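Asker: prediction below, plus the sequence it came from.
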Amino acid sequence: MALTQIIYEENTYNLSYEIINQDQKKTLLILHGWGANKELMKQAFAKEFPDYCHLYLDMPGFGKSSIIKAFQSKDYVNIIKKFLQEKKIDIDTYMGHSFGGKIAALLALEFKNSKLILLSNSGILAPKSLKIRLKIAIFKFLKIFGLGKFYRYFASKDASNLNAVMYQTFKNVVDEDLKDVFSKIEAKTYIFWGIDDQATPLSSGEKMHELIKNSKFYPLEGDHFFFLKHSAFIAKQIKG
């Protein structure tokens, strides 16, 4: 594990990362999802993709990487691009899970000759249930009376234990609709999805496959973290 400092918009951020298989010429960037860190992705893929140098990165606010102010998705993209530029690392394949998949897609957008691996990623808005819409309405009502500090009682599991900066970051990124972005991706894309995923439903993956013209879609048994059991299969498809 290594730690480096990146100056972004006049603030200094500590970014934690790890590189394995450094003797390989092609590099695979692997990004974790919301609430996770690089260790989870290493657990899944460290023994796979032997022909790639692996770059695992804790995104700002997760794992051992710091965050100073609330980010939007574009900030994550920009700070990762700056990290890659300063380390002089060229990425051949971008991989991301959930929120990390959305960031990977944004990074790969301008590199049509790269490969993109998406694991149950976000960016397609699914209709909110009546229960969720009711919670949002109650919270907005409480804010009128200055009771917004009770947001933890109304936030989703992904947001309920966050500090103020990460909670604002979560609000910034959770409802982004990237249909236009996905339709512009030219990179060869492999989309893997958990059939029983409740966080990002299978229908979102099907829509993503429809939007990304040069893509293949693989629904697999499991939930939002299906890839922990299917890492060998995923690697085999990319190798092929």
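Answerer: Noted; the coordinates are in hand.
Asker: what bridges to the closest residue to K115 other than its chain neighbours?
Answerer: Counting by C-beta to C-beta, 6 or more residues apart in numbering, K115 lies nearest to T93, which is 4.1 Å off, once chain neighbours are set aside. C-beta here means a position set from N, CA and C on the backbone, and glycine is covered the same way. T93 forms beta bridges with L28, K115, as assigned by DSSP bridges.
Asker: counting neighbours, what do you get for T93?
Answerer: T93 has 21 neighbouring residues, counting by other C-beta atoms under 10 Å.
Asker: wouldn't it be in contact with L116 here?
Answerer: Yes. Between T93 and L116 there is a contact under C-beta atoms under 8 Å: 7.3 Å.
Asker: show the contacting residues for the residue nearest to K115.
Answerer: With contact taken as C-beta atoms under 8 Å, 6 or more residues apart in numbering, T93 is in contact with 26-29, 52, 114-117, 238.
Asker: please apply the same query to T169.
Answerer: Counting by C-beta under 8 Å, 6+ apart, T169 has contacts 61, 67, 70-72.
Asker: turn the residues you listed into TSV, including secondary structure, distance to L220 and neighbour count.
Answerer: Formatted as TSV, the contacts of T169 follow (DSSP: H, G, I helix; E, B strand; the rest coil; distance: C-beta to C-beta, whole Å; neighbours: other C-beta atoms under 10 Å):
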residue	secondary structure	distance to L220	neighbour count
G61	coil	29	20
I67	coil	32	20
A70	coil	34	17
F71	coil	30	24
Q72	coil	31	13
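Asker: make CSV out of those residues and add distance to F45 and pLDDT.
Answerer: Below are the contacts of T169 laid out as CSV (distance: C-beta to C-beta, whole Å; pLDDT from 0 to 100):
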residue, distance to F45, pLDDT
G61, 22, 97
I67, 25, 97
A70, 30, 96
F71, 25, 97
Q72, 27, 96
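Asker: and the strands in the chain, which stretches?
Answerer: Taking DSSP state E, the strands of the chain run over residues 2-8, 11-20, 26-31, 52-57, 93-97, 115-119, 188-194, 215-220.
Asker: in TSV, list those along with distance to K42.
Answerer: Shown next, in TSV, are these (distance: least, C-beta to C-beta, whole Å):
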stretch	distance to K42
strand 2-8	14
strand 11-20	7
strand 26-31	8
strand 52-57	5
strand 93-97	12
strand 115-119	14
strand 188-194	18
strand 215-220	20
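Asker: so which of the ones you listed gets nearest K82?
Answerer: Comparing those by their distance to K82 (C-beta to C-beta), the top pick is strand 2-8, with 5.7 Å.
Asker: show me what that closest one pairs with in its sheet, parallel or antiparallel.
Answerer: strand 11-20 (antiparallel).
Asker: what distance separates the strand it pairs with from the centre of its chain?
Answerer: On the basis of C-alpha atoms, centre = their mean, to the nearest Å, strand 11-20 sits 16 Å off its chain's mean C-alpha point.
Asker: equivalent analysis for stretch 27-34, please.
Answerer: 7 Å.
Asker: wait, L162 touches K171, no?
Answerer: No. Counting by C-beta under 8 Å, L162 does not reach K171; the two are 9.8 Å apart.
Asker: neighbour-wise, which of these two wins?
Answerer: When L162 and K171 are compared for neighbours, L162 comes out ahead with 19 against 14, by other C-beta under 10 Å.
Asker: what's the distance between the more buried one and H224?
Answerer: Distance from L162 to H224, counting by C-beta to C-beta, to the nearest Å: 18 Å.
Asker: what does F45 give?
Answerer: 16 Å.
Asker: which of those two has more neighbours?
Answerer: Between F45 and H224, counted using other C-beta under 10 Å, the more crowded position is F45 (23 against 17).
Asker: now the strands of the chain in CSV, with mean pLDDT and distance to F83?
Answerer: Shown next, in CSV, are the strands of the chain (pLDDT from 0 to 100; distance: least, C-beta to C-beta, whole Å):
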stretch, mean pLDDT, distance to F83
strand 2-8, 97, 5
strand 11-20, 98, 6
strand 26-31, 97, 10
strand 52-57, 98, 7
strand 93-97, 98, 14
strand 115-119, 97, 19
strand 188-194, 97, 23
strand 215-220, 98, 27
